[in-house]
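*Asks:* what follows is a predicted protein model with its sequence.
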Amino acid sequence: MQKRNWAMIAAAVAGTAAAGAAAFIVQEKRTEQPPYTVDRTDGPVEIRRYPELLVAETETKGPRQAALGSGFGRLADYIFAKNRGGEGIAMTAPVLSERDAPIAMTAPVTSERTGGQWRTRFVMPAKYTRATLPPPGPGVTISTVPARRVAVYRFSGVATDAALAKAETALRAWLTKERLEGGAVTYAFYNSPFMPGPLRRNEVMIALPG
């Protein structure tokens, strides 16, 4: 009887955990994202057009993952009103990360991702304007990203340096095949670290002319 009771308790706990995980996933999928239109789709590749976006951004130095973590923390303090008065700002997706100054294509891939200056951006919810956003704290700037056209490679899993490099290589090879000229790269991360790897959405974006 005691074993049966423990089995019932374990099943109840597992069911509660599964329900909580499902609710968390649904909540993340409801996070506001910037609008865009799709010009073309080819497997994991899309050509998109984004309108002008209002962003909060910050710059940090160091390896990509460490710089992203520092930048994320600084921006999170701003939107959640930890270093200022007033109400919080809703989190949006994706979080954008890019090098402050692109490295020449002849540089080794490892050096592109292991140091330097990185810019991390949170896209502001559509209801805000520059005038209505709370004043940013130290190290945070409110900026406008011009309307742009980008090539995007989407993949799931954990966004390690190796995974990002593989996706960027595949996307640049596709651009070469299509005779399209690619520019600077931006990494886009749509999920929190609590999302299971297979369900995560990561993207490599490469700027295109026009």
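*Replies:* That came through fine. Numbering: from 1, shown residues only.

*Asks:* where are the low-confidence patches of the chain?
*Replies:* In the predicted model, the chain carries pLDDT under 70 at residues 1-29, 101-115.

*Asks:* how about the residue nearest the centre of the chain: what's its closest non-neighbour residue?
*Replies:* Relative to the mean C-alpha position of the chain, the nearest C-alpha, by CA atoms, centre = their mean, is the one of Phe189, at 2.4 Å. The spatial neighbour of Phe189 that comes closest, neighbours along the chain excluded (CB to CB, 6 or more residues apart in numbering), is Val95 at 4.9 Å. C-beta here means a position set from N, CA and C on the backbone, and glycine is covered the same way.

*Asks:* what do you get for Ala151?
*Replies:* Nearest one to Ala151, counting by CB to CB, 6+ apart, is Ile206 at 4.8 Å.

*Asks:* which residues does that neighbour bridge with?
*Replies:* Note on Ile206: beta-bridge partners by DSSP bridges are Ala151, Val185.

*Asks:* can you give me the strands for this structure?
*Replies:* Assigned by DSSP state E, the strands in the chain fall at 37-42, 45-50, 53-61, 95-99, 117-123, 141-145, 148-155, 185-189, 202-208.

*Asks:* what are the pairing partners of the fourth one, and which direction each?
*Replies:* Sheet pairing of strand 95-99 (DSSP bridges) gives strand 117-123 (antiparallel), strand 185-189 (antiparallel).

*Asks:* may I see those arranged in TSV, with distance to Ala151 as well?
*Replies:* What follows is the strands paired with strand 95-99, written out as TSV (distance: least, CB to CB, whole Å):
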stretch	distance to Ala151
strand 117-123	19
strand 185-189	10
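
*Asks:* what sits up against stretch 152-163?
*Replies:* Stretch 152-163 is touched from outside by 44-48, 64-65, 113-114, 167-168, 170-171, 174, 187-189, 197-206, with contacts defined as CB atoms under 8 Å, 6 or more residues apart in numbering.

*Asks:* please list only the buried members of the residues you listed.
*Replies:* 44-48, 64, 113, 167-168, 170-171, 174, 187-189, 200-206 (16 or more other CB atoms under 10 Å).

*Asks:* re the thing from before, my guess is the residue nearest to Phe189 contacts Phe72. True?
*Replies:* Yes: in this structure, Val95 sits in contact with Phe72. The criterion is CB atoms under 8 Å, and the distance is 6.4 Å.

*Asks:* anything in contact with each of the two?
*Replies:* Counting by CB under 8 Å, 6+ apart, the residues touching both Val95 and Phe72 are Thr120.

*Asks:* more neighbours: which of the two?
*Replies:* Neighbours per residue (other CB atoms under 10 Å) separate Val95 from Phe72, with Val95 holding more: 21 against 17.

*Asks:* how much space between Met195 and Thr120?
*Replies:* Counting by CB to CB, to the nearest Å, the gap from Met195 to Thr120 is 19 Å.
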